[in-house]
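[1] What follows is a predicted protein model with its sequence.
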Amino acid sequence: MAQDDILPPEGEGRPDADAFGRALGPGIGLNLLVGDVEAAARFQARVLDAVVDYWDRDFAILRAQGAVWMLHSDRSYRDHPLSGIATAAEGRGAGAELRLYGRDPDAAEAVARALADELGGVVLAGSADKPHGVREAYILDPEGYCWVPTIPKAAPKTGG
């Protein structure tokens, strides 16, 4: 790919958020908070040989080596539980979410709350259905890593 076309045109081929979220399989997912989505996507495409499936100024989907990850702009996280932590951190990595697809967020939240005195950590945001097709919780471990157990949310019931 020529240097000028390493990224697809901005906003071209935006996936359906709900369908994308429901299609995520089990495993770990990454959602990196970045100051400049285009610059981060361009770097990761070049340095990591990642394919940029979609990008706009607030969001990108990348893949390489069988892994899929996302970038979100700081602006897109302004109302998110991690926004204050990420902007106050010394390093950008403090804004990383470590998503564990296939782990029930309600069960993980219950264990984190029940064993907080023993294990440490804190539930940053309890389990909730999100508009992007998943149910998730945000749990900080004792080292400060934000784990996000995530499952597809239940399909909407149709009338009948």
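    Now that the structure is in, tell me what you want to look at.
[2] Helix, strand or coil: sort out the residue nearest the centre of the chain for me.
    Centroid-nearest residue in the chain: residue 31, 3.1 Å away (criterion: Cα atoms, centre = their mean). Assigned with DSSP: H, G, I helix; E, B strand; the rest coil, residue 31 falls in the strand class.
[3] now it: how far from residue 9?
    According to Cβ to Cβ, to the nearest Å, residue 31 stands 23 Å off from residue 9. C-beta here means a position set from N, CA and C on the backbone, and glycine is covered the same way.
[4] Please give me every residue in contact with the residue nearest to the centre of the chain.
    For residue 31, the contact set (Cβ atoms under 8 Å, 6 or more residues apart in numbering) comprises 69, 70, 71, 72, 96, 97, 99, 148.
[5] Repeat that for residue 40.
    Per Cβ under 8 Å, 6+ apart, neighbours of residue 40: 32, 34, 60, 71.
[6] what do you get for residue 104?
    Residue 104 sits next to 149, 151 when contact means Cβ under 8 Å, 6+ apart.
[7] longest helix of this structure?
    Ranked by number of residues, the top helix in the chain under DSSP state H is helix 37-48.
[8] what packs against the following helix or strand past that helix?
    Next helix or strand after helix 37-48 toward the C-terminus (DSSP states H and E): strand 51-55. Applying 3 or more Cβ pairs under 8 Å, 6 or more residues apart in numbering; DSSP states H and E, we find strand 51-55 packed against helix 37-48, strand 59-64.
[9] Many thanks, have a good one.
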